[in-house]
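Student: My questions are about this predicted structure, shown below with the sequence.
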Amino acid sequence: MIRILLSDDHPVVRAGIRAMLESEPDLEVVGEATTAEDAVRLAEASAVDLVLMDLQYPGAMQGAEATRRIRSQQSSPRVLVLTNYDTDADILGAIEAGASGYLLKDAPPAELIAAVHAAAVGDAALAPGVSSRLDASRTSGERLTVREAEVLSLVAEGRTNRDIGRALFLSEATVKSHLVHIFTKLGVGSRTAAVARARELGAIRAG
């Protein structure tokens, strides 16, 4: 029996996924979390084999950070990301945080069930489109690192270098250095052009 913790802030989504999973004889949803913080707490306190993790939550902690914290626990459960977002920054952030798989919420039920079985034993469980995007980003000279994508996402929100530094605990000089690398990789000369190009490439979320 695979014991699953379901983490998503939308009750309708949780109910639908729970019903789908529990139609399988070897899958059991043993808990539900509505925030990333709850997911970390329940993953540590409960007997869980796999956490189904969304990326976006209303609180301060988001899914990638929750994944990182869960995977750093002793005898930690596996994490399968199930989300609406498929930008390079989201995918790379989740995988680097330790997620075993990454699936979009519009995946067919059979694909989700197969991914759950794979991720529960530590096998990679990537949606086909996500897998090709990940391969492309790894071989592209335009690929942004997770940190560069974080910086550029804040630029897209209109933040100043000082604001970005405070949000990411970086010095202004480090933020400027990241921006230089971003401009070079994307072949642009301004913040506005960098945001536009990154969105065009799917490197950061659209506004």
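Tutor: Yep, that arrived. Numbering: from 1, shown residues only.
Student: Could you chop this protein up by domain?
Tutor: For the chain, the structural domains run 2-138, 146-201, going by the TED database.
Student: who's in contact with Glu172?
Tutor: Contacts here follow C-beta atoms under 8 Å, 6 or more residues apart in numbering; on that basis Glu172 touches 161-162, 165. C-betas here are computed from N, CA, C, even on glycine.
Student: what does Ala115 give?
Tutor: 80, 101, 103, 107, 125, 127.
Student: same thing but 7 Å
Tutor: Contacts here follow C-beta atoms under 7 Å, 6 or more residues apart in numbering; on that basis Ala115 touches 80, 101, 103, 125.
Student: Reformat those into JSON lines and put distance to Asp86, pLDDT and secondary structure next to each item.
Tutor: Output for the contacts of Ala115, formatted as JSON lines (distance: C-beta to C-beta, whole Å; pLDDT from 0 to 100; DSSP: H, G, I helix; E, B strand; the rest coil):
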{"residue": "Leu80", "distance to Asp86": "15", "pLDDT": "96", "secondary structure": "strand"}
{"residue": "Gly101", "distance to Asp86": "13", "pLDDT": "90", "secondary structure": "strand"}
{"residue": "Leu103", "distance to Asp86": "10", "pLDDT": "92", "secondary structure": "strand"}
{"residue": "Ala125", "distance to Asp86": "15", "pLDDT": "88", "secondary structure": "strand"}
